[in-house]
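Colleague: got a predicted structure here, sequence first:
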Protein chains: 4
Amino acid sequence: MDDASFPTAGAADATSQTERVIASLREMVLRGDFRPGERLAELTLVPRLGASRTPVRLALDRLAHEGLLEPLPSGGFRIREFAIADIWDAIEVRGVLEGTAARLAAERLTDADDLSRLQQCCRDIERLDSSNAADVARYVEIHDRFQEELGRLAKSDILVRTIESVVGLTFAVSVSSVLGDAESSERSQTALIALEYHRAIVDAIEHRQGTRAEDLAREYSRMARRNLVRAAQDKERFRHVPGASLIRMPAGHSSR
Amino acid sequence: MDDASFPTAGAADATSQTERVIASLREMVLRGDFRPGERLAELTLVPRLGASRTPVRLALDRLAHEGLLEPLPSGGFRIREFAIADIWDAIEVRGVLEGTAARLAAERLTDADDLSRLQQCCRDIERLDSSNAADVARYVEIHDRFQEELGRLAKSDILVRTIESVVGLTFAVSVSSVLGDAESSERSQTALIALEYHRAIVDAIEHRQGTRAEDLAREYSRMARRNLVRAAQDKERFRHVPGASLIRMPAGHSSR
Amino acid sequence: MDDASFPTAGAADATSQTERVIASLREMVLRGDFRPGERLAELTLVPRLGASRTPVRLALDRLAHEGLLEPLPSGGFRIREFAIADIWDAIEVRGVLEGTAARLAAERLTDADDLSRLQQCCRDIERLDSSNAADVARYVEIHDRFQEELGRLAKSDILVRTIESVVGLTFAVSVSSVLGDAESSERSQTALIALEYHRAIVDAIEHRQGTRAEDLAREYSRMARRNLVRAAQDKERFRHVPGASLIRMPAGHSSR
Amino acid sequence: MDDASFPTAGAADATSQTERVIASLREMVLRGDFRPGERLAELTLVPRLGASRTPVRLALDRLAHEGLLEPLPSGGFRIREFAIADIWDAIEVRGVLEGTAARLAAERLTDADDLSRLQQCCRDIERLDSSNAADVARYVEIHDRFQEELGRLAKSDILVRTIESVVGLTFAVSVSSVLGDAESSERSQTALIALEYHRAIVDAIEHRQGTRAEDLAREYSRMARRNLVRAAQDKERFRHVPGASLIRMPAGHSSR
């Protein structure tokens, strides 16, 4: 009875332990535990992550593949530093892919009933109270649900996987992530525009207008760009954006 | 002097050994050394790949992340089986991303001289002799050069990385990969159409017509789909398509 | 000395008289002076328009060419009746063409200074007071100025002419034409979204993002559709929409 | 019993006479009977067109509205002169509109059987013998049939009307109009590429891929541009292109 045909409980544990280590390391990187350019040493990470060497090595490899770390020619990895332009491009690529999801959802829709979850998301956004800062978290949840449902309606695993591989590099600067600290009027305007976009995307899919759905979803994701610009104008607010410490701001702006 | 600050020669070797093991395993999977659904045992792979356990484990993780393997809930990995629709979608996503590269190249062009390598590719295609089956390999090389140059002109690392992550799942069914065995007339028609597309893309970029460049590159990559359909009609020819053994063909078609 | 080489003052007068007669007849048709399907008799129109037969005949021919009248197989013309779907399609075609203007403006921009008039339009919208119903007229003027400037930057006479030929059939249901009677909150939301679109279009042109400019302008013009739907829900308000009497509303809705 | 309610046979005759006069004048203008810039005198045209003054006046007004004539500030009309850029733009606008027809056909398709006429067009193109110059005329007919069917499937009168208003200014430089005199190899290459496009458009509509259908039809119509460039390289061939005499060629090229 060998490892090949009958995995022991230990094997499954190993897989989930690896995923846990990857998630922990990613969080450490994004919240700024390391400086951009800093070399990550496997041996130092073992005690910090409370894991054995193999999962740590797997986590380093995975984050390098995701683009948060750079492999060094000498072996090992270092924290990558991002220019603002890198973030812009990540947002653009994400928008292109989310636009494709919206288009495929329109082209592949067979039953209008399949739109019920998207419609529910729109109703949920309508009910948000933009004067209430706590509702921002709720908006984030609704938006994520909307994107997930778009992926489901697009009926394409590879598209969903590709979107996931890019989202990490947009530093989650979603339309909402920077709004927790914003003025109430700014929040209510953003909520209004977000509602417009969500409704229009659902309308486009319902009427099989794939081009329109793609264009809308593409443009909507570009709002993340503006949100990042706004956040960067306020040092205190910017510190809360995940991954902010990895971004090299133009001269005159201090991100730390 | 520890591993963290001064990597030994051994560390660099380890990295390149890992990359070599990943490449070997990927090649084994694509040429059909395993059956779809077959479980891959780390211990069995160690001797076959001539590597120690850690690089084998890293290779399994990487190919799972790329989508060629599936992680099992019980731990471990198995060979993924692909439906034809999965390949279609991979081709579609690749086309969307290569289209984005062409669009950004048009939007970001600052100097017409930067087009010289793309123009050289067009001249190289013109000079191909489609009656000569050997020139197919040369076409593949020119096409790859063209795509690489588009990526360079798009000036976006993340876009290039994302394209690379998808290309693997299109099973390299590029416009040319199935043409080595084709009739001369089929090759010459395909070459003619390919030349049309390459020229039109360069023309669009030169005149800053981003939309047109995107549309052309998107549609061009869809030729891979037709090539796959043609290849699948001929069992013998199909066997030469990398990854063919992983594709579940519709009933009535035997891919093995 | 004949009419061919030396036009008398009378010839120029004739041309401007014809244009005046065409404008008068168009206005009569749009404000509902005739019923849909009603036959227009040249002889009856002569006294009503205070013009001689030839300009009246020219005006009938022109409005038929524009699509407001239908030529009858028996000779003569009648007032055309429009289904809601006809208006939707006119709005869609207009959006496609205005989108093309925005795209060409981006592709053909040579000097960022050329954007100053568009930027001025954005500042003018910002300064509008949405609590003031009178500012709606001002918004209409700014929007028209914006579209005219887009046409100028597109550098294409034929595109501008084609847009003009379609605008008439959208019944001027511009984003604003129905807002004079709207609630203040509805006006302020519409103004906010309109400002978003105008700014984003200017940003896209400035960065030579032709695709984005096209998509935005296309979607923006679709707001006219929603405005028409809203207007149609209020009989009193709907009566003020030019051409409303020519639209056959679905059963249950009375437009007169 | 007056003209308003009971049109006499004379009224219907008048309408058809007017349409005949418009067609004759358009043909005279396109085949180069007048020089660009030449003033058209109503009185001189009356005997040449064998019509009375009113239909001649209507014909002048219509061609001015179509864009072939320019109204003079002094009254009257003159033959318009076109720059090459005007033709490019007309082709671009036509492509945008024909692309919209293809997109709407995809979005509005309810029954795959509705594609039978488009499929027949593809089979008809396949059967053409490109070594036979006479088959060029047949290709023109098939292509026109294809476009007409696209318009029908788009289910939009206004779109079809708008396309018609633009086609005149592309000077009918369709993919085929210049091929009658071309070399056999040039004809066969053009036929091959045309077949590719027609098939791909039908495939896109069948699978409800509106974006793809739009992009393909847009790009296909740009082939007219290349055809015009080719035709212009051969003075003798160029003379056969309708409207060629109205186009101001760049210095060094004589079009007359």
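Modeller: Nice, I can see it.

Colleague: could you check how far A:G32 is from A:F238?
Modeller: From A:G32 across to A:F238, the span is 11 Å (CB to CB, to the nearest Å). C-beta coordinates here come from the backbone N, C-alpha and C atoms, glycine included.

Colleague: what touches both of these two?
Modeller: In terms of CB atoms under 8 Å, 6 or more residues apart in numbering or on different chains, A:G32 and A:F238 are both contacted by the residues A:A244.

Colleague: who's more crowded, those two?
Modeller: Legend: neighbour count by other CB atoms under 10 Å in any protein chain shown for A:G32 and A:F238, higher for A:F238 (22 against 17).

Colleague: the more buried one against A:N227, yeah?
Modeller: No: contact criterion CB atoms under 8 Å: A:F238 and A:N227 do not qualify, at 11.0 Å.

Colleague: what helix or strand does the residue in the stretch 151-256 of chain A that chain C sits nearest to sit in?
Modeller: Across the stretch 151-256 of chain A, no residue is closer to chain C than A:D215, which sits at 3.7 Å (CB to the nearest CB). Take DSSP states H and E as the rule and A:D215 turns out to sit in helix A:210-221.

Colleague: how about the next helix or strand after that helix, which residues are buried there?
Modeller: Following helix A:210-221 in sequence order, the next helix or strand is helix A:223-232 (DSSP H and E). Neighbour counts over helix A:223-232 (16 or more other CB atoms under 10 Å in any protein chain shown) mark A:M223, A:A224, A:R225, A:R226, A:N227, A:L228, A:R230, A:A231, A:A232 as buried.

Colleague: could you do stretch A:140-147 as well?
Modeller: A:V140, A:I142, A:H143, A:F146, A:Q147.

Colleague: show me where chain A has its strands.
Modeller: A:39-40, A:69-71, A:77-79, A:82-83, A:247-248 (DSSP state E).

Colleague: please see if the last one touches chain B.
Modeller: Translated: strand A:247-248. No: using CB under 8 Å from any CB of the partner chain, we find that strand A:247-248 stays clear of chain B, coming within 13.7 Å at best.

Colleague: for that strand, which strands pair with it and how are they oriented?
Modeller: The strands that strand A:247-248 pairs with in its sheet are strand A:82-83 (parallel) (by DSSP bridges).

Colleague: what is the mean pLDDT for the partner strand?
Modeller: Strand A:82-83 comes out with an average pLDDT of 90.

Colleague: identify the residue spatially nearest to A:E42, adjacent ones excluded.
Modeller: Closest residue to A:E42 apart from its sequence neighbours, by CB to CB, 6 or more residues apart in numbering or on different chains: A:V56 at 5.6 Å.

Colleague: err, A:V202, not the other one
Modeller: Going by CB to CB, 6+ apart, A:V202 has A:L118 as its nearest residue, at 4.8 Å.

Colleague: how close does the one you found sit to chain C?
Modeller: Distance, A:L118 to chain C, by CB to the nearest CB, to the nearest Å: 18 Å.

Colleague: tally of neighbours for that residue?
Modeller: By other CB under 10 Å, the burial measure for A:L118, its neighbour count, is 21.

Colleague: who's in contact with it?
Modeller: Going by CB under 8 Å, 6+ apart, the list of residues near A:L118 reads A:F146, A:E149, A:L150, A:L153, A:H198, A:I201, A:V202, A:I205.

Colleague: check the residue of chain A found nearest chain D and give its pLDDT.
Modeller: Nearest residue of chain A to chain D, counting by CB to the nearest CB: A:T211, 4.4 Å away. Model confidence at A:T211, given as pLDDT, is 96.

Colleague: and for the one 10 residues further on?
Modeller: The score at A:S221 is 89. That number is its pLDDT.

Colleague: any idea how far the spatially closest residue to it that is not a sequence neighbour lies from A:W88?
Modeller: Closest residue in space to A:S221, ignoring its immediate chain neighbours: A:G95 at 3.5 Å, by CB to CB, 6+ apart. For A:G95, the distance to A:W88 (CB to CB) stands at 11 Å.

Colleague: which of those two has more neighbours?
Modeller: A:G95 (24 against 18).

Colleague: so the more buried one sits against A:M223, correct?
Modeller: No: in this structure, A:G95 is not within contact of A:M223 by CB under 8 Å, at 9.5 Å.

Colleague: before we move on, the earlier item: how close does the residue of the stretch 151-256 of chain A closest to chain C get to A:S221?
Modeller: Distance from A:D215 to A:S221, by CB to CB: 11 Å.

Colleague: and for those two, which residues touch both?
Modeller: Joint contacts of A:D215 and A:S221 (CB under 8 Å, 6+ apart) are A:G99.

Colleague: between those two, which one's more packed in?
Modeller: Set side by side, A:D215 and A:S221 show more neighbours around A:D215, with 26 against 23, by other CB under 10 Å.

Colleague: in contact with the residue of the stretch 151-256 of chain A closest to chain C, which residues?
Modeller: A:G99, C:D215, C:R218, C:E219 are the contacts of A:D215 under CB under 8 Å, 6+ apart.

Colleague: what is the burial count for the third one?
Modeller: A count of nearby residues for C:R218, using other CB under 10 Å, gives 22.

Colleague: just checking, it touches C:A101?
Modeller: No: if you go by CB under 8 Å, C:R218 and C:A101 don't touch, sitting 10.4 Å apart.

Colleague: just to revisit the earlier point, what would the contacts of A:D215 look like in JSON lines with distance to D:D61?
Modeller: Output for those, formatted as JSON lines (distance: CB to CB, whole Å):
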{"residue": "A:G99", "distance to D:D61": "45"}
{"residue": "C:D215", "distance to D:D61": "37"}
{"residue": "C:R218", "distance to D:D61": "32"}
{"residue": "C:E219", "distance to D:D61": "36"}
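
Colleague: nearest to chain B among these?
Modeller: A:G99 (8.3 Å).

Colleague: these two touch, right, that closest one and A:G210?
Modeller: No: counting by CB under 8 Å, no contact exists between A:G99 and A:G210, whose distance comes to 9.9 Å.

Colleague: the two: which is more packed in?
Modeller: A:G210 (30 against 26).

Colleague: buried set for stretch A:189-209?
Modeller: So for stretch A:189-209, counting by 16+ other CB under 10 Å, buried means A:189-206, A:208-209.

Colleague: gap between that stretch and the chain center?
Modeller: 20 Å (CA atoms, centre = their mean, to the nearest Å).

Colleague: also stretch A:143-158?
Modeller: 14 Å.

Colleague: near chain D at all, that stretch?
Modeller: No: contact of stretch A:143-158 with chain D (CB under 8 Å from any CB) is absent, the minimum separation being 13.2 Å.

Colleague: that stretch and chain B in contact?
Modeller: Yes: using CB under 8 Å from any CB, we find that stretch A:143-158 touches chain B at A:S156, A:D157, A:I158.

Colleague: for the last one, list the residues it contacts.
Modeller: Going by CB under 8 Å, 6+ apart, A:I158 touches B:G67, B:D86, B:D89, B:A90, B:V93, B:V166, B:L169.

Colleague: show the buried residues in those.
Modeller: Buried, going by 16+ other CB under 10 Å: B:G67, B:D86, B:D89, B:A90, B:V93, B:V166, B:L169, out of those.

Colleague: mark which of these are part of helices, please.
Modeller: Among these, the members falling in helices (DSSP state H) are B:D86, B:D89, B:A90, B:V93, B:V166.

Colleague: restrict those to contacts with chain D.
Modeller: Checking these against chain D (CB under 8 Å from any CB), there are no matches.
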